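>>> Make a model of this:
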Amino acid sequence: MNDPSNNVVYVVDDDPPVLKAVARVLRSAGYQAVTFSSSQRFLDQHDTAVPCCVVLDLAMPGMSGLDLQTKLAAAGTEMPIIFLTGQGDVPTSVKAMKQGAADFLTKPVERDALLAAVRVALGKDHSRRIAQRETDETRRRLSSLTEREYEVFEHVIKGDLNKQTAAELGAAEKTIKVHRSRVMDKMQVRSVAALVRMAERAGIAVQAEVKEQQWVRHNF
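The predicted model follows:
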């Protein structure tokens, strides 16, 4: 996360004084604060390509903060949300948190509490972006495998030996060894345990017993 100025904090609130006050606090801490007076304006103009989070008023006319959270989730937009409200109740806050809210603060919010929540939210966004880049890279490497290499890959992450894979695929064991070596090279890993982790990162299911075997081999 490093330099705060590299991070954008969106502030969405229909109350101009609150919007101005929150933005002032954020800018005093070095963040880029971009303000919106309604959920719809935020939807129309926000940019998720940059590291960001949103400080969102819960109760607004038209589209509420909770409605906006639901729309973002439905669109697959992952962005840490800090709810800010003067009339939040326990059921509403629980619902917001269950839907993935990063935090839930009440007005008037204290400066330190706001900045602490923003730091945590941006940290989550930073971690998510790193994980997404790793997933994208893993999928790119997987796409470089030939059809036969991918079949061998599937057997390797299942924990099959070369002899088992050869029998299943109707190929010579030495041929499977060559394919297996190419799979490891293209995936840029040196161990089956690392290959299993990459498979999981790409959303490929790996049997629990195989993961346990790889853990044992890695740690003993």
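>>> C-alpha only now, for contacts and for neighbours.
Fine.
>>> if I look at the closest residue to Val25 other than its chain neighbours, how far off is Phe104?
Closest residue to Val25 apart from its sequence neighbours, by Cα to Cα, 6 or more residues apart in numbering: Arg111 at 6.7 Å. Going from Arg111 to Phe104 by Cα to Cα, to the nearest Å gives 14 Å.
>>> higher neighbour count, these two?
Phe104 (22 against 13; other Cα atoms under 10 Å).
>>> buried ones in the helix or strand hosting Glu151?
Assigned by DSSP states H and E, Glu151 belongs to helix 147-158. Within helix 147-158, the residues scored as buried using 16 or more other Cα atoms under 10 Å are 149-150, 152-158.
>>> Could you list the low-pLDDT ranges of this structure?
For the chain, the stretches with pLDDT under 70 are 1-2, 87-94, 206-220.
>>> Just the element for the residue positioned nearest the centre of the chain, please.
Nearest to the mean C-alpha position of the chain, by Cα atoms, centre = their mean, lies Arg128 at 3.2 Å. If you go by DSSP H and E, Arg128 is part of helix 111-143.
>>> circling back: as PDB, could you dump the C-alpha coordinates of the helix or strand following the helix holding Glu151?
Next in sequence after helix 147-158, counting helices and strands by DSSP H and E, comes helix 162-169. Listed next in PDB are the C-alpha coordinates belonging to helix 162-169 (Å, rounded to 0.1, in the frame of the first residue of the first chain):
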ATOM      1  CA  ASN A 162       4.100 -41.700 -13.700                       C
ATOM      2  CA  LYS A 163       3.200 -45.400 -14.100                       C
ATOM      3  CA  GLN A 164      -0.400 -44.800 -13.100                       C
ATOM      4  CA  THR A 165      -0.700 -41.800 -15.400                       C
ATOM      5  CA  ALA A 166       0.800 -43.800 -18.300                       C
ATOM      6  CA  ALA A 167      -1.700 -46.600 -17.800                       C
ATOM      7  CA  GLU A 168      -4.600 -44.200 -17.600                       C
ATOM      8  CA  LEU A 169      -3.600 -42.300 -20.700                       C
END
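>>> by contact count, what packs against helix 162-169?
helix 173-187 (3 or more Cα pairs under 8 Å, 6 or more residues apart in numbering; DSSP states H and E).
>>> buried ones in the helix it packs on?
For helix 173-187, by 16+ other Cα under 10 Å, it's 173, 176-177, 179-180, 182-184, 187.
>>> Identify the farthest-apart pair in those.
Greatest spacing in those, by Cα to Cα: Glu173 and Met187 (20.9 Å).
>>> show me what contacts the closest residue to Leu68 other than its chain neighbours?
Of all residues not flanking Leu68 in the chain, Ser39 sits nearest, at 6.3 Å (Cα to Cα, 6+ apart). Residues near Ser39 by Cα atoms under 8 Å, 6 or more residues apart in numbering: 12, 63-65, 68.
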